[in-house]
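In: A predicted structure for the sequence below; I have some questions about it.
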Amino acid sequence: MSSLKVIAATAVLLMSSSAFADIRVADTHNGAWVTITENGQPAANAKVSVANVPQQKDSYTTDERGRVFIPLTLESSRSIKYHATTESGKKSSRFAFHSTNK
């Protein structure tokens, strides 16, 4: 019976992970390069937003390589929450730490 539970849990994880886009963030001195992939491929025209930085505009759109630069003006180092939605509707979010000491 326990092996059936393991198989069911694995199937749920595999199906749920395919419903999400992948977000990678590269911190720079004055912002971040954000790369969105879907099924291992660049996600062009994905909408990316920053949730906890009030001065940011609503969203940014990735290029054909799935990349977008988001300018950040921070008073101190902190974690930033990124949200992404691909053209196919897959959503994902993640936190990334940004340092002002560069």
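Out: That came through, no problem.

In: low-scoring pLDDT stretches of this structure, where are they?
Out: 1-20, 55, 102 (pLDDT under 70).

In: cutoff 90 now
Out: 1-21, 29-31, 51-58, 72-78, 99-102 (pLDDT under 90).

In: Quick one: the helices in it, in order.
Out: Counting by DSSP state H, the chain has helices at residues 2-17.

In: Show me where this protein has its strands.
Out: Ranges of strands in the chain, per DSSP state E, are 22-28, 31-38, 41-42, 47-50, 60-61, 67-71, 78-85, 91-98.

In: Any idea what the spatially most central residue of the chain is bridged to?
Out: Nearest to the mean C-alpha position of the chain, by C-alpha atoms, centre = their mean, lies residue 23 at 3.0 Å. Note on residue 23: beta-bridge partners by DSSP bridges are residue 36.

In: Is it correct that it is in contact with residue 38?
Out: No - Residue 23 is beyond contact range of residue 38, at 10.7 Å (criterion: C-beta atoms under 8 Å). Quick note: C-beta positions are derived from backbone N, CA and C, even for glycine.
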